[in-house]
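J.: Need coordinates for the below:
(one chain, ligands or ions: 2)
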Amino acid sequence: MTRVNPGGTIGILGGGQLGRMLALAAANLGYRCHIYCPEENSPAFQVADQTTVASYTNEEALTDFARAVDVATYEFENVPAQTADIVSKNTLLRPGARALMVSQDRLVEKEFLADSGVKTAPYQAFHSAAELKEAFKSIGRPSVAKTRRFGYDGKGQQLVKSSKDLDKVLSVTNSTPAILEGFVNFDREISVIVARSASGDVAAYPVSENVHTNHILDITTVPAKVSDMVEAKAKVIAAKVANALEYVGVMTVEMFVSDAKGQIIVNEIAPRVHNSGHWTMDGATTSQFEQHIRAICDLPLGATNARGIIRMKNLLGDDILDNEQYLADPKASFHHYGKSDPRPGRKMGHVTWVDADD
Ligand SMILES: Nc1ncnc2c1ncn2[C@@H]1O[C@H](COP(=O)(O)OP(=O)(O)O)[C@@H](O)[C@H]1O
Ligand SMILES: [Mg+2]
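T.: Ligands and ions are numbered 1, 2, ... in the order given. A predicted model of the protein is given here:
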């Protein structure tokens, strides 16, 4: 039996806001959570039943943690392979190690997507200035150089408009393995939050439309301003990716859309709940966090329909100081992640408006 029943304990690697919102959703379904995170005072610790503060390389602490939980999951994709291995030897790990392996490396990820019959931007790996020059010749301009590993919020990326920009690339990628990919002239960015349960049931949420500012998600709106055909196609692509990975849990597929051609290009995947799915907490029958708990515990998946026209805004850094304004807004649902230091760009909270009349 792979079902974990209410009353059971869920282990979460990572103690940020995603772990926190997962733990809150798990509690609502009758589960306890044990959070494992190297940083003391992690936001998820405030809402957890048990906590472990230890590094992701501490074999003994990881083994004890895994043995104390009925199923383990994670809130971030950079869980080291070794860590996943130790945990999965001692408890159920969902999603499994393959999802981590694929999403941690942009080259492996692109190859996996291509093998799954999903369209991506053209790409080529490079390791040296000479290989970069070669890649630029074949990919063309403009293109974007990205480190294969550890990129987020646009970090480790460099736009290449002409061969003059090639010099900058190696300093940005820090001479670590990287890829050059074709720049996509998209009309909009969308993402699909999709769940696949341990029994293989799949459910996708309505498409999220995302606007980034300074490479960080700013606003998500639902429904996305895409045709019915694109909406349907995007969900099919997300389900295809989840099935190809034999994925268990909630995952996110980021895509670029060209309106005129109705073309969808997959940008990247995240093996976890996602910022562009926060709207589901107030705007859907089942939140992405609850859906993840349902999927990994092998409960039936919940309904994914949106409750109206929805807008989610991230509160970064000092934005959180406007909380009075959101608390006074009768249409706003305000979320504070319990972080005390509002550093610039830091994700401090979010606010969602569900307004079916707009
Ligand atoms: N090939 C591309 N063409 C056009 N824009 C891109 C391309 N790759 C990335 N971007 C832009 O940069 C953002 C961040 O890139 P992404 O690959 O999602 O990395 P990460 O989110 O890990 O930082 C994307 O959301 C998109 O706005
Ligand atoms: Mg991204």
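
J.: low-confidence ranges in this protein?
T.: Regions of the chain meeting the criterion pLDDT under 70 cover residues 1, 356-358.

J.: mind giving me the domain split of it?
T.: 9-93, 122-182, 188-354 (automatic domain parsing).

J.: and the closest residue to ligand 1 within the chain, what is it in contact with?
T.: Using C-beta to the nearest ligand atom, the closest approach of the chain to ligand 1 is made by Val184 at 3.8 Å. For every residue, glycine as well, the C-beta is placed using N, CA and C. Neighbour list for Val184: Ala121, Phe256, Ile265, Asn267 [criterion: C-beta atoms under 8 Å, 6 or more residues apart in numbering].

J.: For the spatially closest residue to it that is not a sequence neighbour, the count of nearby residues, please.
T.: Nearest non-adjacent residue to Val184, counting by C-beta to C-beta, 6 or more residues apart in numbering: Phe256, 4.7 Å away. The tally of other residues near Phe256 (other C-beta atoms under 10 Å) stands at 19.

J.: Helix, strand, or coil at Phe256?
T.: strand (DSSP: H, G, I helix; E, B strand; the rest coil).

J.: Does it touch Glu268 like I think?
T.: No - using C-beta atoms under 8 Å, Phe256 is not in contact with Glu268, being 10.5 Å away.

J.: Would you confirm that Gln82 belongs to a strand?
T.: No - using three-state DSSP, the assignment for Gln82 is helix, not a strand.

J.: List the contacts of the residue lying closest to it once chain neighbours are set aside.
T.: Excluding its sequence neighbours, the residue lying closest to Gln82 (C-beta to C-beta, 6+ apart) is Thr57, at 6.9 Å. Contacts for Thr57 (C-beta under 8 Å, 6+ apart) come out as Pro80, Gln82, Thr83.

J.: Ile139 too?
T.: Ile139 sits in contact with Pro122, Tyr123, Gln124, Leu180, Glu181, Gly182, where contact means C-beta under 8 Å, 6+ apart.

J.: For beta bridges, what are the partners of the last one?
T.: Judged by DSSP bridges, the bridge partners of Gly182 are Ser143.

J.: what helix or strand does Lys133 sit in?
T.: helix 129-139 (DSSP states H and E).

J.: ok, that helix near ligand 1 or not?
T.: No - judged by C-beta under 6 Å from any ligand atom, helix 129-139 makes no contact with ligand 1; its nearest approach is 9.8 Å.

J.: just use 42 as the starting number from now, easier for me
T.: Got it, the first residue is 42 from now on, which makes the last one we talked about helix 170-180.

J.: Check the offset of that helix from the chain's centre.
T.: 30 Å (C-alpha atoms, centre = their mean, to the nearest Å).

J.: Next, the buried residues of that helix.
T.: Of all the residues in helix 170-180, those buried under the rule 16 or more other C-beta atoms under 10 Å are Leu173, Ala176, Phe177, Ile180.

J.: Which positions in the chain make contact with ligand 1?
T.: 162, 185, 192-195, 222, 224-225, 230, 253, 256, 295, 308-309.

J.: For Ala176, give me its contacts.
T.: Applying C-beta under 8 Å, 6+ apart, the residues near Ala176 are Gln165, Ala166, Phe167, Ser184, Ile220, Leu221.

J.: Could you rank those by neighbour count and give me the top one?
T.: Leu221 leads the contacts of Ala176 on contacts (other C-beta under 10 Å) with 27 neighbours.

J.: In contact with that one: list those residues for me.
T.: Leu221 neighbours (C-beta under 8 Å, 6+ apart): 164-165, 167, 173, 176-177, 180, 184-187, 201, 210.

J.: Break down the stretch 242-391 of the chain into its strands, ranges please.
T.: 243-245, 249-254, 257-263, 290-299, 304-311, 351-357, 373-377, 388-395 (DSSP state E, counting those that start in this stretch).

J.: neighbours around Asp323, how many?
T.: Neighbours of Asp323 using other C-beta under 10 Å come to 19.

J.: what's the neighbour count on Arg237?
T.: Neighbours of Arg237 (other C-beta under 10 Å): 25.

J.: just Lys205 next, same as before
T.: Lys205 has 8 nearby residues by other C-beta under 10 Å.
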